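Engineer: got a sequence here, can you build the structure:
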Amino acid sequence: MFFKQINKVYTFVYHTSTKRQKFSGIRLFSGFFNNMKIGTHDGVFHCDEVLACYMLKRLPQYKDAEIVRTRDLEKLKECDIVVDVGAVFDHEKKRYDHHQREFNETLSSLKPALGDKYNIKLSSAGLVYAYYGEQLLRELAPKETPLSPSDLSIIYKKVYENLIEEIDAIDNGVPMTEEEPKYKIRTHLSARVGRLNPEWNSNQQIDINEVFKKAMVLVSEELLHIVNFFISVWLPARDYVKSAIDKRFEVHSSGQIVEFTERFPWKEHLFDLETEMELGHEIKYVLFNDKPRSWRVQAVPVSPTSFILRKPLCKSWWGVRDDILSNVAQIEGCIFCHSTGFIGGNVSKEGALKMAIASLNAET
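Structural biologist: Next up, the predicted model:
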């Protein structure tokens, strides 16, 4: 017997005295070499067990495991790890079903150190992420820039909040609101995975295990995008905001004005860091460079999505532009002030800073 790997597809050619047989299989389901098995249920598949299986397949210990889709308890007993089937939740035995009547675990209940924020009942995806998520993130992080323990903890929570929690809630039927929503979102990841299942009245002969592989590819794209975004885009921005907050007294003696040298998403980071650093609502304005000869001064809202501001720009400036605004403000180089006072512009950093200081000192 010999074999070779081409684009993650293994081909085996077996020679006997009487015949030559050829077997092919995609790596996602290959368990030929180590006989490791991941068990999950057969029939219609859902996003949670598809994602759970994909996450496990990204771990070194399960990367070559065979995925066994069955409800046969005897066959499940032969599996090294089982998700979303079997009526057992036991981490020591590597059994991760969540359908039992007595099951009420959440990420917060399994990881109390995270606080009581995460109170959505876990699905099989949530259970796998709870126990293997940190290892998964270390595997997915760029090897040249591994995550520090503190960054790993931050990214772990963000990936849960921005992907896994949604899958948990949908699979467990947790409503988004107490009242009936005015409309439903039907294009989310769980729905797209569900659409891959054969229709009830389809006459086509479909290999459901092959379709399950397609579902794993689909969830992989979403997971890898989320993880890459938070590690490569979101986390550097957070570090940038943290540095700017630390230097805020160099910008102004009040410590209530923060300066960025470019435009980027900062609100979520600012609020998170204020909470972590116990600053309260101390920071009132941020300065940032929008483009050449264009600096902005933006008032900080009371929450990341609110239109209510901690302290708006001077009310006498609202809706005024250019030279008229410069005359009203007695500050050279003014470009505009929004009609609600949430943002204004100046041709220079010095001018934008003067606008922030004047607004800070103005009576409201």
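Engineer: please tell me how far Ala65 sits from Leu137.
Structural biologist: As for Ala65, its distance to Leu137 is 20 Å (criterion: Cβ to Cβ, to the nearest Å). Any C-beta I mention is one placed from the backbone N, CA and C, and that applies to glycine too.
Engineer: residues contacting the nearest residue to Thr70 once chain neighbours are set aside?
Structural biologist: Spatial nearest neighbour of Thr70, excluding adjacent residues (Cβ to Cβ, 6 or more residues apart in numbering): Asp42 at 5.3 Å. Neighbouring residues of Asp42 by Cβ atoms under 8 Å, 6 or more residues apart in numbering: Arg69, Thr70, Arg71, Ile208.
Engineer: and the two most separated of the residues you listed?
Structural biologist: Among the contacts of Asp42, the pair separated by the greatest distance (Cβ to Cβ) is Arg71 and Ile208, at 13.2 Å.
Engineer: rewinding a little: so for Ala65 and Leu137, which residue has more residues nearby?
Structural biologist: Neighbour count, other Cβ atoms under 10 Å: between Ala65 and Leu137, Ala65 has more, with 24 against 21.
Engineer: about what we covered before: how close does the residue nearest to Thr70 sit to Glu92?
Structural biologist: Noted for Asp42: a distance of 26 Å to Glu92, by Cβ to Cβ.
Engineer: ok, then the element right after the longest helix along the chain?
Structural biologist: Across the chain, the longest stretch assigned as helix under DSSP state H is helix 208-228. Note on helix 208-228: by DSSP states H and E, the next helix or strand toward the C-terminus is helix 235-246.
Engineer: after that next one comes which helix or strand?
Structural biologist: Toward the C-terminal end, the helix or strand that comes next after helix 235-246 (DSSP H and E) is helix 248-251.
Engineer: in the stretch 101-250 of the chain, which spans are helices?
Structural biologist: Secondary structure of the stretch 101-250 of the chain (DSSP state H, counting those that start in this stretch): helices at 107-110, 124-140, 149-159, 165-171, 189-195, 208-228, 235-246, 248-251.
Engineer: err, the stretch 251-364 of the chain, not the other one
Structural biologist: Under DSSP H, counting those that start in this stretch, the stretch 251-364 of the chain gives helices at 267-276, 322-329, 349-361.
Engineer: among the ones you listed, which is the most enclosed?
Structural biologist: For the helices of the stretch 251-364 of the chain, the largest average neighbour count (mean count of other Cβ atoms under 10 Å) is found in helix 349-361, namely a mean of 20.
Engineer: can you tell me what sits against that helix?
Structural biologist: 251-252, 254, 256-257, 259, 284-285, 287, 289, 295-297, 299, 311-314, 317, 329, 331-334, 344-346.
Engineer: ok now it, how far from the chain's centre?
Structural biologist: 36 Å (Cα atoms, centre = their mean, to the nearest Å).
Engineer: could you list the low-pLDDT ranges of the stretch 51-200 of the chain?
Structural biologist: Within the stretch 51-200 of the chain, no range satisfies pLDDT under 70.
Engineer: for stretch 53-62, list the C-alpha coordinates in CSV.
Structural biologist: Only the C-alpha atoms of stretch 53-62 are listed here, as CSV (Å, rounded to 0.1, in the frame of the first residue of the first chain):
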residue,chain,number,x,y,z
CYS,A,53,-16.8,18.9,14.8
TYR,A,54,-14.9,21.5,12.8
MET,A,55,-13.4,23.0,15.9
LEU,A,56,-12.3,19.6,17.1
LYS,A,57,-10.8,18.8,13.7
ARG,A,58,-8.6,21.9,14.1
LEU,A,59,-7.0,20.5,17.2
PRO,A,60,-3.9,18.3,16.9
GLN,A,61,-5.3,15.5,18.8
TYR,A,62,-8.4,15.2,16.5
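Engineer: gap between it and the chain center?
Structural biologist: Relative to its chain's centre, stretch 53-62 lies at 19 Å (Cα atoms, centre = their mean).
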